[in-house]
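Colleague: Prediction below, plus the sequence it came from.
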Amino acid sequence: MKKVVLLVLCLMSAGASFAASNAGVFKLSLWNNLAIAAPANTQTIHGIDFGIGSHTNEVYGVQLDLVMAQTRYELRGVSAAWLISLAEDVTGAQWAAFTKNTHLTGAQLGLVNLSGRHVSGAQLGFFNQAEDMNGLQFGFVNYAKQIYGLQIGILNIAENGWFPAMVLVNGRF
(Lines give C-alpha, C1' and ligand atoms only; values in the text may rest on other atoms or scores of the structure.)
Protein backbone atom coordinates (compact mmCIF):
# COMPACT_ATOMS: atom_id res chain seq x y z
CA MET A 1 0.00 0.00 0.00
CA LYS A 2 2.84 2.37 0.83
CA LYS A 3 4.35 1.80 -2.63
CA VAL A 4 1.06 2.66 -4.33
CA VAL A 5 0.71 5.87 -2.32
CA LEU A 6 4.32 6.80 -3.11
CA LEU A 7 3.73 6.14 -6.84
CA VAL A 8 0.59 8.30 -6.86
CA LEU A 9 2.40 11.14 -5.08
CA CYS A 10 5.29 10.95 -7.59
CA LEU A 11 2.89 11.03 -10.53
CA MET A 12 0.98 13.96 -9.03
CA SER A 13 4.17 15.96 -8.42
CA ALA A 14 5.41 15.19 -11.95
CA GLY A 15 2.00 16.14 -13.30
CA ALA A 16 2.16 19.54 -11.64
CA SER A 17 5.50 20.36 -13.25
CA PHE A 18 4.42 19.13 -16.69
CA ALA A 19 1.02 20.84 -16.51
CA ALA A 20 2.73 24.16 -17.06
CA SER A 21 3.93 22.93 -20.46
CA ASN A 22 0.35 21.97 -21.48
CA ALA A 23 1.47 18.39 -22.19
CA GLY A 24 -0.46 15.33 -21.18
CA VAL A 25 1.00 13.40 -18.25
CA PHE A 26 -1.06 10.23 -18.69
CA LYS A 27 -2.73 8.99 -21.87
CA LEU A 28 -4.98 5.96 -22.20
CA SER A 29 -5.53 4.90 -25.82
CA LEU A 30 -8.04 2.53 -27.32
CA TRP A 31 -6.74 2.89 -30.90
CA ASN A 32 -4.89 5.61 -32.81
CA ASN A 33 -6.27 8.98 -31.64
CA LEU A 34 -9.28 7.54 -29.80
CA ALA A 35 -7.84 8.35 -26.39
CA ILE A 36 -8.18 10.32 -23.20
CA ALA A 37 -5.37 12.20 -21.50
CA ALA A 38 -4.82 14.20 -18.36
CA PRO A 39 -4.42 17.15 -19.05
CA ALA A 40 -6.41 16.95 -22.26
CA ASN A 41 -3.45 17.02 -24.70
CA THR A 42 -3.35 13.60 -26.44
CA GLN A 43 -0.55 14.49 -28.90
CA THR A 44 2.26 15.59 -26.55
CA ILE A 45 2.79 13.28 -23.59
CA HIS A 46 5.34 13.94 -20.83
CA GLY A 47 4.75 10.81 -18.80
CA ILE A 48 2.97 7.56 -19.69
CA ASP A 49 1.17 6.67 -22.93
CA PHE A 50 -0.63 3.34 -22.43
CA GLY A 51 -3.15 1.47 -24.57
CA ILE A 52 -3.96 -1.03 -27.28
CA GLY A 53 -2.79 1.10 -30.22
CA SER A 54 -1.48 4.62 -29.84
CA HIS A 55 -0.48 7.43 -32.21
CA THR A 56 1.24 10.37 -30.51
CA ASN A 57 3.31 13.23 -31.92
CA GLU A 58 5.81 13.47 -29.04
CA VAL A 59 6.44 11.20 -26.06
CA TYR A 60 8.89 12.07 -23.29
CA GLY A 61 8.64 9.07 -21.01
CA VAL A 62 7.10 5.67 -21.66
CA GLN A 63 4.83 4.49 -24.47
CA LEU A 64 3.38 1.01 -23.80
CA ASP A 65 0.90 -0.55 -26.22
CA LEU A 66 -0.32 -4.04 -27.00
CA VAL A 67 -0.53 -3.84 -30.80
CA MET A 68 1.02 -0.61 -32.12
CA ALA A 69 3.01 2.24 -30.61
CA GLN A 70 3.52 5.11 -33.03
CA THR A 71 5.34 8.39 -32.33
CA ARG A 72 5.24 10.86 -35.18
CA TYR A 73 8.00 13.33 -34.31
CA GLU A 74 10.00 12.49 -31.21
CA LEU A 75 10.23 9.78 -28.56
CA ARG A 76 12.51 10.30 -25.56
CA GLY A 77 12.28 7.32 -23.26
CA VAL A 78 10.91 3.83 -23.90
CA SER A 79 8.45 2.68 -26.56
CA ALA A 80 7.22 -0.88 -26.22
CA ALA A 81 4.54 -2.75 -28.13
CA TRP A 82 3.79 -6.40 -28.65
CA LEU A 83 3.68 -6.14 -32.46
CA ILE A 84 4.56 -2.78 -34.07
CA SER A 85 6.53 0.23 -32.83
CA LEU A 86 6.91 3.19 -35.22
CA ALA A 87 8.70 6.42 -34.34
CA GLU A 88 10.36 9.34 -36.08
CA ASP A 89 13.13 10.27 -33.61
CA VAL A 90 13.91 7.95 -30.68
CA THR A 91 16.12 8.71 -27.69
CA GLY A 92 15.91 5.71 -25.39
CA ALA A 93 14.61 2.26 -26.28
CA GLN A 94 12.15 0.94 -28.86
CA TRP A 95 10.80 -2.61 -28.52
CA ALA A 96 8.34 -4.65 -30.62
CA ALA A 97 8.27 -7.52 -33.10
CA PHE A 98 8.62 -4.88 -35.87
CA THR A 99 10.33 -1.56 -35.07
CA LYS A 100 10.91 1.37 -37.41
CA ASN A 101 12.31 4.86 -36.91
CA THR A 102 14.18 7.61 -38.73
CA HIS A 103 16.76 8.53 -36.06
CA LEU A 104 17.66 6.38 -33.05
CA THR A 105 19.87 7.17 -30.08
CA GLY A 106 19.66 4.16 -27.78
CA ALA A 107 18.47 0.60 -28.38
CA GLN A 108 16.11 -0.98 -30.88
CA LEU A 109 14.90 -4.46 -29.90
CA GLY A 110 12.73 -6.62 -32.16
CA LEU A 111 12.57 -9.33 -34.75
CA VAL A 112 12.84 -6.75 -37.56
CA ASN A 113 14.54 -3.40 -36.79
CA LEU A 114 14.60 -0.69 -39.45
CA SER A 115 16.14 2.75 -39.23
CA GLY A 116 15.77 5.16 -42.13
CA ARG A 117 18.81 7.32 -41.42
CA HIS A 118 21.02 7.34 -38.34
CA VAL A 119 21.47 4.92 -35.45
CA SER A 120 23.71 5.69 -32.52
CA GLY A 121 23.51 2.75 -30.15
CA ALA A 122 22.44 -0.85 -30.71
CA GLN A 123 20.06 -2.85 -32.85
CA LEU A 124 19.27 -6.34 -31.53
CA GLY A 125 17.06 -8.65 -33.60
CA PHE A 126 16.70 -11.18 -36.38
CA PHE A 127 17.11 -8.54 -39.14
CA ASN A 128 18.69 -5.13 -38.50
CA GLN A 129 18.95 -2.31 -41.07
CA ALA A 130 20.38 1.19 -40.79
CA GLU A 131 21.64 3.72 -43.31
CA ASP A 132 24.28 5.20 -40.97
CA MET A 133 25.19 2.95 -38.01
CA ASN A 134 27.33 4.11 -35.10
CA GLY A 135 27.42 1.25 -32.59
CA LEU A 136 26.43 -2.42 -32.58
CA GLN A 137 24.17 -4.55 -34.76
CA PHE A 138 23.55 -8.03 -33.32
CA GLY A 139 21.33 -10.41 -35.29
CA PHE A 140 21.13 -13.10 -37.94
CA VAL A 141 21.23 -10.59 -40.82
CA ASN A 142 22.67 -7.08 -40.38
CA TYR A 143 22.83 -4.33 -43.01
CA ALA A 144 24.33 -0.86 -42.81
CA LYS A 145 25.18 1.43 -45.67
CA GLN A 146 27.82 3.19 -43.54
CA ILE A 147 29.07 1.72 -40.26
CA TYR A 148 31.33 2.90 -37.51
CA GLY A 149 31.15 0.03 -35.09
CA LEU A 150 30.52 -3.70 -35.17
CA GLN A 151 28.12 -6.17 -36.73
CA ILE A 152 27.77 -9.66 -35.24
CA GLY A 153 25.61 -12.23 -37.03
CA ILE A 154 25.32 -14.94 -39.65
CA LEU A 155 25.39 -12.43 -42.55
CA ASN A 156 26.77 -8.91 -42.06
CA ILE A 157 26.63 -6.37 -44.89
CA ALA A 158 28.28 -2.95 -44.62
CA GLU A 159 29.26 -1.01 -47.72
CA ASN A 160 32.19 0.62 -45.92
CA GLY A 161 33.00 -2.33 -43.63
CA TRP A 162 36.16 -4.42 -43.58
CA PHE A 163 34.52 -6.30 -46.47
CA PRO A 164 31.18 -5.50 -48.14
CA ALA A 165 29.75 -8.78 -46.76
CA MET A 166 31.09 -11.01 -44.00
CA VAL A 167 30.02 -14.07 -42.04
CA LEU A 168 30.00 -13.78 -38.22
CA VAL A 169 31.68 -10.34 -37.76
CA ASN A 170 32.04 -7.16 -39.82
CA GLY A 171 32.56 -3.52 -39.01
CA ARG A 172 34.80 -0.53 -39.12
CA PHE A 173 36.54 1.59 -36.48
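Modeller: Happy to help now that I have it.

Colleague: What's opposite the residue nearest the centre of the chain in the beta bridge?
Modeller: The structure's the chain has its C-alpha centroid closest to Q94; by CA atoms, centre = their mean the separation is 2.5 Å. Here Q94 sits in beta bridges with S79, Q108, going by DSSP bridges.

Colleague: residues making contact with stretch 122-130?
Modeller: Applying CB atoms under 8 Å, 6 or more residues apart in numbering, the external contacts of stretch 122-130 come out as 99, 104, 106-115, 118-119, 133, 135-145, 153. For the C-beta atoms, the positions are set from N, CA and C on the backbone; glycine is no exception.

Colleague: now with 6 Å?
Modeller: Stretch 122-130 is contacted by residues 107-115, 119, 135-144 when judged by CB atoms under 6 Å, 6 or more residues apart in numbering.

Colleague: next one: stretch 135-143
Modeller: Outside stretch 135-143, the residues within contact range by CB under 6 Å, 6+ apart are 120-129, 149-157.

Colleague: In strands only, show me these.
Modeller: Among these, DSSP state E puts 120-124, 127-129, 149-157 in strands.
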